[in-house]
Each structure stands twice: as C-alpha cells, then as structure tokens.
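Engineer: give the three-dimensional model of this entry:
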Amino acid sequence: MVSRVGGVVSDDFRKQLLGYGLTTAQILYRMPDHPSLLQTYVWQNYDLFPKFPALQDFLAFWQAKLEGPLFSVTVAHSKLVKPAELRAVDGVFRLH
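Structural biologist: Modelled structure (predicted):
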C-alpha cells in the first residue's frame, strides 16, 4: 500500500488502524531436562484485545511443537494497562 506522499505504510501501522494494540506476554515454562526449574520467554506482537488470537496461535504452536511445558502466561496490553490520566485543576487547597 502506498500513501499519497509516496511512502510505504508498514504492516504494524495497518494493524493499529484495524484496532490491534501492542501486546506483551511473559511466558514461564518448565525446563525440559530440569522440570523443577522455570525459564522465562517474552513474546511481543500486535494483537486484538480481549481474545488475543495471535498469542493464542503462538501458545498452541508452543504446546504442539516445543518441549518446555507452560507454567504461566502474564499478558500486558494497552487496554489492560494505561498510564494515569492527569487533568488540570483550577486551584490548590491546603489542609493543616
């Protein structure tokens, strides 16, 4: 897809226009050779809230093809975590 100014629009930008948001998942899994040890893996991609189809596909692939059994998955998405909203105030009140 080419924009009016001649630049190429990235796939990530197109996804954002379709409602996708940057999603980060911290995946804890058991080491195949040492099941009592946990290892961490960070997955990050653009995905749709709240069903997370891309993450679901990745986790299905993990369970089908990789040896390390999943222990836990923690998800962060812009619709789950947002910075505090600030607003201007008209005055300051002091209490002693």
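Engineer: setting the sequence-adjacent residues aside, check what's closest to the spatially most central residue of the chain.
Structural biologist: The centroid of the chain falls nearest to Thr23 when counting by Cα atoms, centre = their mean (1.4 Å). Ranked by Cβ to Cβ, 6 or more residues apart in numbering and with sequence neighbours excluded, the top spatial neighbour of Thr23 is Asp47, at 4.0 Å. (Glycine included, C-beta is placed from N, CA and C.)
Engineer: where do the strands sit along this protein?
Structural biologist: 21-30, 38-47, 70-77 (DSSP state E).
Engineer: winner for burial among these?
Structural biologist: Mean neighbour count, computed with mean count of other Cβ atoms under 10 Å, is highest for strand 21-30 among these, reaching a mean of 17.
Engineer: give me the contacts around that one.
Structural biologist: Strand 21-30 is contacted by residues 36-49, 52, 54-55, 59, 62, 68-79 when judged by Cβ atoms under 8 Å, 6 or more residues apart in numbering.
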